[in-house]
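*Asks:* What shape does this take:
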Amino acid sequence: MSPQRNTRLGNRMKENRARQNLTQQQLAERVGVTRKTINTVENAVFIPSTVLALKLAAVLGTTVEGLFFLPDTTEGKK
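*Replies:* Numbers count the residues shown, from 1 in each chain. Here you go, the predicted structure:
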């Protein structure tokens, strides 16, 4: 079994939120979390649950894969 690396989850939350003209507070209210939660997800401090990731993607009009990516993959370099 290989050792796990401490992988951060990259995201395009801020860009998608700006496209929807939403503040962190407005997005938080729509998905049922605090503004601080949105901030920590945007800054890659907190990795959201699957349920939260699905809610965020739905509100932001994208897919989970379009919103989140692993930084060490080519997919995240779009």
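
*Asks:* Give me the buried stretch members for the host helix or strand of residue 53, please.
*Replies:* For residue 53, the enclosing helix or strand under DSSP states H and E is helix 50-59. Using 16 or more other C-beta atoms under 10 Å as the test for burial, helix 50-59 gives 52-53, 55-57, 59. All C-beta spots, glycine's among them, are computed from the backbone N, C-alpha and C.

*Asks:* Could you identify the helix or strand that succeeds that helix?
*Replies:* As assigned by DSSP H and E, the chain's next helix or strand after helix 50-59 is helix 64-67.

*Asks:* following that following helix, which helix or strand comes up?
*Replies:* Later in the chain than helix 64-67, the nearest helix or strand by DSSP H and E is strand 68-69.

*Asks:* strand partners of that following strand, parallel vs antiparallel please.
*Replies:* Its sheet considered, strand 68-69 pairs with strand 10-11 (antiparallel) by DSSP bridges.

*Asks:* Name the residues that touch the strand it pairs with?
*Replies:* With contact meaning C-beta atoms under 8 Å, 6 or more residues apart in numbering, strand 10-11 is reached by 41-42, 44, 67-71, 76.

*Asks:* so how far is stretch 41-51 from its chain's centroid?
*Replies:* Distance, stretch centre to chain centre, for stretch 41-51: 6 Å (C-alpha atoms, centre = their mean, to the nearest Å).

*Asks:* any weak-confidence spans in this structure?
*Replies:* Low-confidence segments of the chain (pLDDT under 70): 1-7, 73-78.

*Asks:* please redo it, this time with the cut-off set to 90
*Replies:* Along the chain, the parts satisfying pLDDT under 90 run over 1-8, 71-78.

*Asks:* if we can go back for a sec, from the contacts of strand 10-11, which would you call buried?
*Replies:* Among these, the ones that count as buried by 16+ other C-beta under 10 Å are 41-42, 67-69.
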